[in-house]
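1. Quick one, fold the following:
(2 chains)
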Amino acid sequence: MKAYDRSWPKQSSHFSVHRTSGLDSESKLIYSHIKEAGNEGIWTKDLKKHTNLHLNVVNRCLKVLEQKQLVKAVKHVKWPTRRFYMLYELTPSSEVTGGAWYTDQELDTDFIDTLASACYKYIYSRSFPRGDRNVIFKADYGHYPSAAEVKRFIHEKRISSVELSTTDIVCLLDLLIHDDMIEKKMPFAGFMDDEGDSDMEDGGGVEWVYKAINRNVTSTTASDGGIDALSEVPCGKCPVFKFCTADGPISPSNCEYFNKWLNF
Amino acid sequence: MVKFLEEPTLEVINQAFAWETAECVITGRVEAYSCKSAGADKKLFKQLESKYSFDIASSSFSPEDRQLNNLVSPFGPLDQAASRKTLFYLLATLNAAFPDYDFSEVRPEQFSKQISTQLVINSVNTTLFNLGNDVIVNRYRLWDVLDMIVELGDCDVYSFNPDMDDDPMGEEGSIWSLNHFFFNKKLKKIVFFSIRSQR
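-> The predicted structure is shown next:
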């Protein structure tokens, strides 16, 4: 093993020249194309195209490079059957692995569900005074959690063994929004101080906050599940819908269901 | 492993296996392979054996649904060596036919076993005729040629129905594809018949 020599140039190109110096020219060519692809990896079809080498030659070179542990085969989450290669020492990018949500090229739905549920519980706990969902905070309540705070919670409680980025957390929160569990709100103006610790994107990035939706508010009589916009309005479940006209004995203006619904 | 067999009669058919219709471009291929023992594909063979033997071992304690489901396949129960062998040959054939792809992780459920060879022949004929091509069947005598190579009467026919992501023919602009394997266990030969339609 070569002793560490301080005068040895630290450029990586010198190191890789050293490692590939024993290879034939075709293998060197293949190696350089794989190197160029970085941690995105390169498909064998593209390797053939760029090097103009015959498939048998490409395969032979790949075998040699693999044996020398210079390159490795990787699976791409988008195209799991394509043969991809990258340099042995590189970590595949999240494009290739699918990122936090994929384990072994498969969407890890259990992981996602567990995390989403944990995020929801945390947001819920900060969405209602004293944890009572029949009570709501005033309009100027400034402590609904932001994505960054949810991320901190998840991290502190070690709910995920994988490190999650704020973008990952926002993905989970979007999931909850689409499932009608939480809503995204503009933080109350008084809450925004000038600390400037959140990333400001162009357009003056807003640090959204999240609040759990209290589903009980929308209807006191409906059973769980299957509530959509149309059935939220009393007309959707009205037993005398057919008789209701603007000027008749039964009309929207004297509707008792509306009164009840609007008095939440 | 499987070894590609040079068959001049198939070459003729393959030459004719590309044409255009008003809406799409049709390309296809017919190839014959002979089945050898693991050989160069030892890695694939070991991979499959360990994948499914693991399931067998754990199912001997208490058969959870999951383990049981893993055993059932279009090739027969996967705890039988013969079923695993068939899967192995089909995957090796796909790897040989599409060298830029690696099908070793393809699940058995993406294959189906056809109940009768005659039904497959009929459906292929209908497909080809509807696409405006009767030359392959009538002039180049597709089925007679295949019969000479692989004795269709003794074949099991399997079809590959890949997910979008696994389909080497599901690339840009691809509309549909059809993939059949005519497998004669006795002769240890497979004919791979593949046809696809693209914009």
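2. And the strands in chain A?
-> Along chain A, the stretches classed as strands by DSSP state E are A:42-43, A:71-74, A:84-87, A:102-103, A:106-107, A:182-185, A:209-212.
3. partners of the second one, with directions?
-> Sheet pairing for strand A:71-74, assigned by DSSP bridges, gives strand A:84-87 (antiparallel).
4. Report pLDDT for residue 198.
-> You didn't pick a chain, so chain A it is. Note on A:S198: pLDDT of 48.
5. my bad, the chain I had in mind was chain B
-> pLDDT, B:Q198: 86.
6. can you check B:C35 too?
-> Taking B:C35 on its own, its pLDDT is 90.
7. how near is the residue nearest to it when sequence neighbours are not counted to chain A?
-> Among residues not flanking B:C35 along the chain, B:K188 sits closest, at 4.2 Å (CB to CB, 6 or more residues apart in numbering or on different chains). For every residue, glycine as well, the C-beta is placed using N, CA and C. According to CB to the nearest CB, to the nearest Å, B:K188 stands 25 Å off from chain A.
8. one step back: with mean neighbour count added, can I get the strands of chain A in a markdown table?
-> Shown next, in a markdown table, are those (neighbours: other CB atoms under 10 Å in any protein chain shown):
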| stretch | mean neighbour count |
| --- | --- |
| strand A:42-43 | 19 |
| strand A:71-74 | 18 |
| strand A:84-87 | 22 |
| strand A:102-103 | 14 |
| strand A:106-107 | 12 |
| strand A:182-185 | 17 |
| strand A:209-212 | 22 |
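9. of all the ones you listed, which lies closest to A:K28?
-> A:K28 lies closest, by CB to CB, to one member of the strands of chain A: strand A:71-74, at 12.2 Å.
10. What average pLDDT does the closest one get?
-> So the average pLDDT for strand A:71-74 ends up being 93.
11. Can you dump the C-alpha atoms of it in PDB for me?
-> Output of strand A:71-74 as PDB, limited to C-alpha atoms (Å, rounded to 0.1, in the frame of the first residue of the first chain):
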ATOM      1  CA  VAL A  71     -18.200  -0.200 -11.500                       C
ATOM      2  CA  LYS A  72     -21.300  -1.800 -10.200                       C
ATOM      3  CA  ALA A  73     -24.800  -2.700 -11.600                       C
ATOM      4  CA  VAL A  74     -27.600  -0.700 -10.100                       C
END
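12. For A:E89, the count of nearby residues, please.
-> For A:E89, the neighbour count with other CB atoms under 10 Å in any protein chain shown is 9.
13. How many residues are close by A:C61?
-> A:C61: 24 neighbours (other CB under 10 Å).
14. What residue in the stretch 101-250 of chain A comes nearest to chain B?
-> Nearest residue of the stretch 101-250 of chain A to chain B (CB to the nearest CB) works out as A:Q105 at 7.8 Å.
15. Was I right to think that residue contacts A:T81?
-> No: the criterion here is CB atoms under 8 Å, and A:Q105 misses it with A:T81 at 10.6 Å.
16. list residues touching both of these two?
-> When contacts are counted by CB atoms under 8 Å, 6 or more residues apart in numbering or on different chains, the set common to A:Q105 and A:T81 consists of B:E105.
17. Those two - which one has more neighbours?
-> Neighbours per residue, other CB under 10 Å: of A:Q105 and A:T81, the larger number sits with A:T81, 23 against 15.
18. if we can go back for a sec, what's near enough to touch the residue of the stretch 101-250 of chain A closest to chain B?
-> Neighbour list for A:Q105: A:K75, A:V77, A:P80, A:T97, A:G98, B:E105 [criterion: CB under 8 Å, 6+ apart].
19. coming back round to it: and the residue nearest to B:C35, how far is that from B:N14?
-> B:K188 sits 22 Å away from B:N14, going by CB to CB, to the nearest Å.
20. Where does the prediction get shaky in chain B?
-> Chain B contains residues with pLDDT under 70 at B:38, B:53-70, B:164-170.
21. for the stretch 1-150 of chain A, same thing?
-> Within the stretch 1-150 of chain A, the stretches with pLDDT under 70 are A:1-18, A:131.
22. how about the residues of it that lie near chain B?
-> A:43-45, A:48, A:55, A:59, A:73, A:75, A:78-83, A:105 (CB under 8 Å from any CB of the partner chain).
23. Of those residues, grab the buried ones for PyMOL.
-> Here is the PyMOL command that picks out the buried ones among the residues of the stretch 1-150 of chain A next to chain B, judged by 16 or more other CB atoms under 10 Å in any protein chain shown:
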select buried, chain A and resi 43+44+45+48+59+75+79+80+81+82+83
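24. Name the nearest of the residues of the stretch 1-150 of chain A next to chain B relative to A:D140.
-> Relative to A:D140, the closest of the residues of the stretch 1-150 of chain A next to chain B is A:K78; by CB to CB it sits at 46.1 Å.
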